[in-house]
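> Quick check, what structure comes out for this input:
(chains A and B)
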Amino acid sequence: MKKRSIEEQFFLWLMRFTTASIIMVLSGLLFVIFKKGYHAMSWAMISEEPQGGFYLGAGGGILNAILGSVYLSVGAIILAILVGLPVALAMNVHMVRYKIWVTVIRFLLDTLWGVPSIVYGAFAFGIMVYFHLRASLLAGIITVALLIVPIITRAFDEALRTIPNGLLETTYAIGGTRSEASFVIFFRQALPGLITAVLLALCRGIGDAASVLFTAGYTDHVPQRLTDPTATLPLAIFFQLSSPIPEVKERAYAATLVLTIIILVISILSRIAGRRFKKYVL
Amino acid sequence: MSNSAIVRIKDLNVQSGNTAILKNINVEIPRNKITVILGPSGCGKTTLLKSLNRLTDLQPHLKISGSIFIDDEDILQVTDGLTRIRQKMGLLSQKPYPLPMSIYKNIAFGLKIQGVSDKKIINDSVERYLAEVGLWDEVKDRLHSPASRLSIGQQQRLCLARGLAVHPEIILADEPTSALDPISSKKIEEKFIALRDDFTVIVVTHILRQAKRLADNVIFMYYGEIVEQGPPEQLFEHPVSPILKDYLNTGH
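Numbering: from 1, shown residues only, chains lettered A, B, ... in the order given. Just a heads-up that it's a prediction; the model follows:
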């Protein structure tokens, strides 16, 4: 009896400790970003493009990077959904008879998930050089899409895998075709999971610096066309943080704060959207 | 001949790897009757039922040979128009699987698949088939709320209504009451008896008493083989094989 209660106490405290440490890391992170960044936060910071000498402490803001990141990640996520959703649905509906292929595809996607983003950047850069293309928003979108396709596909796949076999049998028994089973039934049933997957991939895409370093370029202007180069928040943070000037460094933290807030807003919105659709799920 | 038997199974064998799940099944299932497939767990009842609308296709490790004639068409040879064959049959599974949408759309979905787009016809069908399974009064005020909020018993009746709405000829039911409370079970059983005039009902069960209540025709299976088949009076009163005698005595 005594031994069991010691065990119980031990694991209780272990859980409390680990939970507390996660919360502390997160709040510590937010605290540091906020403390260092809020001095440099101003309306100009988020509404203006950088002026000449911005990186030496002159006026202006990071609108170029904010909009650049938003364009880039939204473009990439749309591209990634267009590729990833059909693949995930095919793996779970069309290919139920070919389990071995599904296993192979899963393994490949998992491998791709583990590839560092700089490798995607270098790969895309290599192709761009071959075709004599310059860094642009479009190249950045495609590279980030490549980076997040494995993530989004596997996350979709996991959401779809939890659907019981009986639902597929039922759909066929009513006379549904494979596409109806996929795009109507499985899509609806997995929708909350799919939204989470999109969120996961979007946050990964918007925060990634290495893949856009060579491919999207950097500019002080908001991109007007897909062929324009574009700034991104992670790179804006990187460039400003490596400056020796304290004011510029402070701005890096302000940019970090903006990035964090964007991710937070996306998270909250997708949670709300997920809850709206959850009621139909079995 | 083909008029009285809606399903004719000839030399059906189903194998999974080296183990035979169904061995030399030869049976005819009469039209507009309730046929009960009876037998202990794991004897191949569900596999037999699922091969009738080719849901066995979903399990690639199953090897199927023989022929199954439904309305004189060998469905195991069909490569095209599988959905047309499946629409001839409504399926009730052990656990109800309502579609992840509203109660209304659960019924409307099957109709839309068949190409019905007239709102009035759909509305009428929804009401008619929900009433037919005794669900209309319970749900008429919340037709557009999710089907997942219904109780399990209501969900199973909704699944039956959904199946009936697409005008099948055959109702396949795989232990349809095993997850239900006694009252819901009773409603489903009563429904089956009422449906007998217009449909052919095939029920898989391992509950002897249910079989006795429902059956017009009984197929008794044991380890992948049909041991005896015939009208219930004959099987239950005068069993021939020792296995069935034993089963009737012990109830399992």
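
> per-residue confidence at B:Thr205?
pLDDT for B:Thr205: 89.

> Poorly predicted segments of the chain, please.
You didn't say which chain, so I picked chain A. Within chain A, the ranges that satisfy pLDDT under 70 run A:1.

> oops, chain B please
In chain B the weaker segments, taking pLDDT under 70 as the threshold, are B:1-3, B:251-252.

> Work out which residue lies at the spatial centre of it.
The residue at the geometric middle of chain B, judged as the C-alpha nearest the mean C-alpha position with CA atoms, centre = their mean, is B:Leu172 (1.3 Å).

> So it belongs to a strand, correct?
Yes. The secondary structure assignment for B:Leu172 places it in a strand, going by DSSP: H, G, I helix; E, B strand; the rest coil.

> can you tell me how far it sits from B:Gln156?
As defined by CB to CB, to the nearest Å, B:Leu172 lies at a distance of 14 Å from B:Gln156. No exception for glycine: its C-beta is placed from N, CA and C like everyone else's.

> can you list residues touching both of those two?
Counting by CB atoms under 8 Å, 6 or more residues apart in numbering or on different chains, the contacts common to B:Leu172 and B:Gln156 are B:Leu92.

> which residue sits closest to B:Ser184, ignoring its sequence neighbours?
Nearest residue to B:Ser184, sequence neighbours excluded (CB to CB, 6 or more residues apart in numbering or on different chains): B:Gly153, at 2.8 Å.

> Which strand or helix spans the one you found?
Using DSSP states H and E, the secondary-structure element containing B:Gly153 is helix B:152-165.

> How about B:Tyr97?
Taking DSSP H and E as the definition, B:Tyr97 sits outside all helices and strands.

> if we can go back for a sec, may I see the buried residues of the helix holding B:Gly153?
For helix B:152-165, the neighbour count (16 or more other CB atoms under 10 Å in any protein chain shown) marks B:153-165 as buried.

> ok now the strand or helix carrying B:Ala131, how far from the chain's centre?
B:Ala131 is part of helix B:119-132, with elements assigned from DSSP H and E. The chain centroid and the centroid of helix B:119-132 are separated by 22 Å under CA atoms, centre = their mean, to the nearest Å.

> who are the neighbours of that helix, in terms of helices and strands?
In terms of contact count using 3 or more CB pairs under 8 Å, 6 or more residues apart in numbering or on different chains; DSSP states H and E, helix B:119-132 is assigned the packing partners helix B:103-113, helix B:136-139, helix B:152-165.

> try 10 Å this time
Taking 3 or more CB pairs under 10 Å, 6 or more residues apart in numbering or on different chains; DSSP states H and E as the contact definition, the neighbouring helices and strands of helix B:119-132 are helix B:103-113, helix B:136-139, helix B:152-165, helix B:182-195.

> Quick one: closest of those to B:Arg31.
helix B:182-195 (12.8 Å; CB to CB).

> quick one, that closest one and strand B:170-174 angle?
Relative orientation of helix B:182-195 with respect to strand B:170-174: 160 degrees, computed using axes from the mean of the first three to the mean of the last three CA atoms, to 10 degrees.

> Residues in contact with helix B:182-195: which ones?
B:32, B:34, B:36, B:90, B:92, B:96, B:132-135, B:151-157, B:160-161, B:164, B:171, B:173, B:176-181, B:199, B:201, B:203, B:207, B:210, B:213-214, B:216 (CB atoms under 10 Å, 6 or more residues apart in numbering or on different chains).

> PyMOL command to pick out the buried ones of those?
Applying 16+ other CB under 10 Å to these leaves a buried subset, and the PyMOL line that selects it is:
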select buried, chain B and resi 34+36+90+92+96+132+133+134+135+153+154+155+156+157+160+161+164+171+173+176+177+179+180+199+201+203+207+210+213+214
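
> on that earlier part again, residues in contact with the residue nearest to B:Ser184?
For B:Gly153, the contacting residues are B:96, B:135, B:177, B:179-188, taking CB under 10 Å, 6+ apart as the criterion.

> Farthest pair within the residues you listed?
B:Leu135 and B:Pro182 (17.7 Å).

> so who does A:Leu241 touch?
Contact partners of A:Leu241, counting by CB under 10 Å, 6+ apart, are A:248-253, A:255-256.

> what distance separates the helix holding B:Gly153 from the centre of its chain?
For helix B:152-165, the separation from the chain centroid amounts to 12 Å (computed by CA atoms, centre = their mean).

> Equivalent analysis for stretch A:243-259, please.
Taking CA atoms, centre = their mean, one finds stretch A:243-259 lying 22 Å from the centre of the chain it belongs to.

> Show me which positions of that stretch end up buried.
Counting neighbours by 16+ other CB under 10 Å, one finds that the buried residues in stretch A:243-259 are A:243, A:248, A:250-259.

> Quick one: the residues you listed as TSV, columns for distance to chain B too.
As requested, those are arranged in TSV below (distance: CB to the nearest CB, whole Å):
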residue	distance to chain B
A:Ser243	53
A:Val248	52
A:Glu250	50
A:Arg251	48
A:Ala252	46
A:Tyr253	45
A:Ala254	44
A:Ala255	42
A:Thr256	40
A:Leu257	39
A:Val258	38
A:Leu259	35
